[in-house]
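1. okay, predicted coordinates and the sequence, questions at the end:
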Amino acid sequence: MTPNLVLVVVIGVLVAVGVYLLLERSLSRVLIGIILIGNGVNLSFLVAGGAAGGAPIVGTTPIDEMSDPLPQAMVLTAIVITLGMTAFLLALAYRSWQLHRHDEVQDDVEDHRIARLAALDEPSFADVDTLDTTTDLEREAAEARDETQAIPVGPAGRRAGPA
């Protein structure tokens, strides 16, 4: 049995576009990426399952003409997992939109510190016994934009300041 070339190309495109979207910072794009990857994996399960055959019930279909039920069960399981991930990411994106009016994931303070130290070609760790680095981290945290702080609200419930 040889798989259909068109289906293999469609699987490749779905997974490639899904991975590209998964690497974005916007949760809505990550959500679409998860959905595309899930559909690509489901399609690959069905293509790997082989040609369709008769119902896999002993006595109604000859054994050599039965279809394999395992790929169908795996696809059903993958659909449920993708649905759960979709619901979770939708909840995250909705909550982020409620709080910040955008769904982008912000950088972590520790990520900024490690990137700065990497640019200076310095180690990202220090000997705790000899150096006190907590003040540097606290200062950097105070300088970073904290989206959990209260945002001033103007008239008609609109945010004051840049969006």
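-> Right, received. Where do you want to start?

2. give me the residue ranges of the chain where confidence is low.
-> Residue ranges of the chain with pLDDT under 70: 1, 123-138, 141-163.

3. so where do the helices sit in it?
-> Along the chain, the stretches classed as helices by DSSP state H are 5-22, 27-48, 69-100, 109-119, 134-143.

4. P3 - how many residues pack around it?
-> The local packing of P3 (other CB atoms under 10 Å) involves 12 other residues. For every residue, glycine as well, the C-beta is placed using N, CA and C.

5. what's near enough to touch the closest residue to it other than its chain neighbours?
-> Closest residue to P3 apart from its sequence neighbours, by CB to CB, 6 or more residues apart in numbering: V47 at 4.9 Å. By CB atoms under 8 Å, 6 or more residues apart in numbering, the residues touching V47 are 3-4, 7-8, 11.

6. domain parsing for this protein?
-> Using automatic domain parsing, the domain parsing of the chain gives 5-53+67-100, 109-145.

7. tell me the most buried of those domains?
-> Ranked by mean neighbour count, the domains of the chain are led by domain 5-53+67-100 with a mean of 15 (mean count of other CB atoms under 10 Å).

8. distance from the chain centre to it, please.
-> Domain 5-53+67-100 sits 10 Å away from the centroid of its parent chain (CA atoms, centre = their mean, to the nearest Å).
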